[in-house]
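1. Got a sequence here, can you model it:
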Amino acid sequence: MTTQTDRVDHELIQAATHIAATRCQGDNHTMAAAARAQDGRIVTAVNAYHFTGGPCAELVVIGAAAAQGAYDLDTIVAVGDRDRGVVPPCGRCRQVLLDYFPTLKVIIGASDSLRTVSITDLLPESYIWADHQLDAEQSAPISTS
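-> Numbers count the residues shown, from 1 in each chain. Prediction:
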């Protein structure tokens with residue numbers, strides 16, 4: 001069952017929309033993302049498209065946030081260039097966002113139906129990479145003799 005958060009962070013959407021309108025030019029940068037850190041700061045970024053699979057704006061914003069010392073992101077939104085509005089994260093981004101920030105909120109929906117949902121709602125019954133890492137650290141090495 002999907003749980004929905006009532007509050008939509010319109011300031012975050014405006015920040016991503018501004019970056020998409022002013023920094024996304026041409027085919028290399030077509031998406032912008034904005035994330036709010038738990039301390040209230042807003043971090044923005046754009047994607048780095050490349051035919052070999054460049055990173056999405058949501059992934060770039062994770063690195064930009066870390067470079068600014070913001071390691072606990074609370075909410076994220078992605079906005080497309082050319083007035084495409086809010087765009088939900090792709091499957092790869094959903095998995096990475098969940099792995100980094102399991103309590104993250106994501107703004108999705110068309111302009112007339114914007115809503116904030118938990119990242120776990122966007123990727124239910126998911127594999128949690130961090131859980132695997134904890135299991136691996138706790139396991140004793142397998143003897144080969």
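2. Next, the buried residues of the lengthiest helix in the chain.
-> Identified as the longest helix of the chain according to DSSP state H is helix 10-23. In terms of neighbour count (16 or more other Cβ atoms under 10 Å), helix 10-23 has its buried residues at 12, 13, 15, 16, 17, 19, 20. Yep, even glycine has a C-beta here, placed from its N, CA and C like the rest.
3. Extract the C-alpha set from stretch 80-87 and format it as PDB.
-> Taking Å, rounded to 0.1, in the frame of the first residue of the first chain, the C-alpha atoms of stretch 80-87 are listed here in PDB:
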ATOM      1  CA  GLY A  80      13.000  17.900 -17.100                       C
ATOM      2  CA  ASP A  81      14.200  20.600 -19.500                       C
ATOM      3  CA  ARG A  82      11.900  22.300 -22.000                       C
ATOM      4  CA  ASP A  83       9.200  22.700 -19.400                       C
ATOM      5  CA  ARG A  84       8.600  18.900 -19.000                       C
ATOM      6  CA  GLY A  85       7.900  19.400 -15.300                       C
ATOM      7  CA  VAL A  86       8.500  16.900 -12.500                       C
ATOM      8  CA  VAL A  87       9.900  13.500 -13.800                       C
END
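4. need the strands for this structure, in chain order.
-> Here the chain has its strands, by DSSP state E, at 4-5, 31-37, 42-46, 73-80, 85-86, 105-108, 115-118.
5. burial count for residue 104?
-> 19 (other Cβ atoms under 10 Å).
6. Tell me the confidence at it?
-> At residue 104, the model reports a pLDDT of 97.
7. any idea how far residue 112 is from the closest residue in space to it that isn't next to it in sequence?
-> Leaving aside its sequence neighbours, residue 104 sits nearest to residue 119 (Cβ to Cβ, 6 or more residues apart in numbering; 4.4 Å). Applying Cβ to Cβ, to the nearest Å, the value for residue 119 to residue 112 is 23 Å.
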